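Undergrad: can't give you the sequence, but here's the structure:
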């Protein structure tokens, strides 16, 4: 959850997209895409990206009435002939007052590649959207390409990539930005008086915008780079040089370049944020205006109200050489250690600089933090509370970097085992700490990746003798997190492993799919394979709203993102151009409202297409105002290409 303030509206983690009520031709009838059904109001929900030929396959029938004795038929071909038929599965439970029955439709026997639909004839009949059955490589190729496109669109600075959404660079003034002390702010980011300049200018250009706004954070960028580099390293044919369509190598380096700018290795100074989301009555902030990024460098002319729009402040974490909040130290160190692993062979000088930075940052981690961790100003934007997992990840990646041998000069340490000991220590501290298994892989808890990497490190080291944790303990903790998700799934009619009425729904689904693959790979098992497939399917359309929560990955997805570029660029056929690959916030417990000057109303007719599918607690609205359901972000998207790569490589 994050909190942003826009013209008096308190916004908790802005991120946005919209889904238009387009019409498609189904079984000879013109039917709204969001309500694909025939007659009696049955709604069939499928994984819109499709199903892998040899994987389990489950769709869902939402019904307003009992469907006792009903059957479903899978159809294919030009004439949509039946290829498989079976009784509907058991009642999975009530979703809402409008849909008190949800039935499972399992069709594992359908393995031939092709396009399919599902038809139910019964008390409440229905027909699904068309979906594909294909090999894993074919199925996820476009989705991984879409993820790359999203990050390319989010690029700030002079090295932007021209596209239908991006026509000019943004925030060129960041190249000579003034640095500032962190001001005291309230929960909405409002500070008193003016900012305190430090008299030092740095080049803070580049990097990605965090979300639908134009702020840049080390917190979310380091997490995103960590996951991208793991993908490039472990899945070269899907996310690395072996892919012609979804090679994230250059994009990960783009993120690394900005992280290096935010870390002055000579003076050991960390800067953690560019721009302000809240200001005060005399000063405008990023969240007070709605515009394209290229307007900011000259916005308002010489009007002092907009001085921090034209000349964005960069905030310093602390004086040179001071201790660094452990969450930032761990994730940043991991990013630079992964940089060494990925670029050692192709750019050894760059990789060496990364590795030295990684060690220096890790050595400055504050291992006894008090009060709020440093994430952003205000803290409520990113209210992170766990940090031991970050240090575990940072230390593990440093071990893996040093264990590769042939090290550059100038390193504080060359003993890889020192970092293995540190990684085991912090893993044990996490497992015995207050937040153990309280979350799964996402920005706020990286143990789902850190444990996986540490098990691999222990295997490389030949065991865990003399260390604070063991392979068995790490696997048990991963099981604890995954079993918690399985328990949640059994109480949800769609089998989702994360509550629909919570923040960051989409990214948790992708993160769970990653963790399921990791655990099964480490144990040479298929313990969580079915669950991982279902959790990923849930965010790709097999949900109450019949909506893929990742733009472009399927047939029906949000159109009205709370994303300024997507909203303001010329529309096509009455709706915004899709921000391909963007994972949106997803269903939530609340729907945000609040328009801004220059914001283009979306949907233009104001119709809430998905209200009929909301439950009493889980809500989704495809509207540019509803950042709580439709805003995308770099960290929200980060786990999805990794989840796709696991599957595209043949590992579920």
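TA: Right, received. Where do you want to start? Owing to the predicted nature of the structure, the values given are computational and were not obtained by experimental measurement.

Undergrad: what about stretch 92-108, distance to the chain center?
TA: 27 Å (C-alpha atoms, centre = their mean, to the nearest Å).

Undergrad: buried sites along it?
TA: 92, 95, 96, 99, 100, 101, 102, 103, 104, 105, 107 (16 or more other C-beta atoms under 10 Å). No exception for glycine: its C-beta is placed from N, CA and C like everyone else's.

Undergrad: First-to-last residue distance for that stretch?
TA: 18 Å (C-alpha to C-alpha, to the nearest Å).

Undergrad: Now it: average pLDDT?
TA: Averaged across stretch 92-108, pLDDT comes to 97.

Undergrad: what about the residue of the chain most remote from its centre, which helix or strand?
TA: The outermost residue of the chain relative to its centre, with distances by C-alpha atoms, centre = their mean, is residue 69 at 40.6 Å. Using DSSP states H and E, residue 69 sits within no helix or strand.

Undergrad: Surely it is in contact with residue 103?
TA: No - Residue 69 is not in contact with residue 103 according to C-beta atoms under 8 Å; the separation is 11.6 Å.

Undergrad: how about the helices in the stretch 101-250 of the chain?
TA: Assigned helices in the stretch 101-250 of the chain, in chain order: 136-153, 218-234, 236-239, 249-261 (criterion: DSSP state H, counting those that start in this stretch).

Undergrad: Just name the most buried of those helices.
TA: Of all the helices of the stretch 101-250 of the chain, helix 218-234 carries the top mean neighbour count, a mean of 26, counting by mean count of other C-beta atoms under 10 Å.

Undergrad: what packs against that helix?
TA: Counting contacts by 3 or more C-beta pairs under 8 Å, 6 or more residues apart in numbering; DSSP states H and E, helix 218-234 is packed against helix 236-239, helix 249-261, strand 269-274, helix 326-343, helix 447-461, helix 634-648.

Undergrad: quick check, distance from that helix to the centre of its chain.
TA: 11 Å.

Undergrad: Give me the below-cutoff pLDDT ranges for the chain.
TA: Where the chain drops to pLDDT under 70, the residues are 1-40, 652.

Undergrad: can you list the domain ranges for it.
TA: 34-137, 172-469 (automatic domain parsing).

Undergrad: export the ones you listed to CSV and tack on distance to residue 150?
TA: Putting the domains of the chain into CSV (distance: least, C-beta to C-beta, whole Å) gives the following:
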stretch, distance to residue 150
domain 34-137, 16
domain 172-469, 9
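
Undergrad: Please identify the most buried of those.
TA: Most buried among the domains of the chain, counting by mean count of other C-beta under 10 Å: domain 172-469, with a mean of 21.

Undergrad: ends of that one, how far apart?
TA: Terminal-residue distance, domain 172-469 (C-alpha to C-alpha): 47 Å.

Undergrad: now stretch 620-628
TA: Stretch 620-628 end-to-end distance (C-alpha to C-alpha) = 9 Å.

Undergrad: mind checking how far it is from the chain centre?
TA: With C-alpha atoms, centre = their mean as the basis, stretch 620-628 stands 17 Å off its chain's centre.

Undergrad: Kindly report the same for stretch 186-206.
TA: So, by C-alpha atoms, centre = their mean, the centroid of stretch 186-206 is 27 Å from its chain's centroid.

Undergrad: thought residue 502 was touching residue 590?
TA: No - at 10.6 Å, residue 502 does not count as touching residue 590 under the criterion of C-beta under 8 Å.

Undergrad: what bridges to residue 185?
TA: residue 191 (DSSP bridges).
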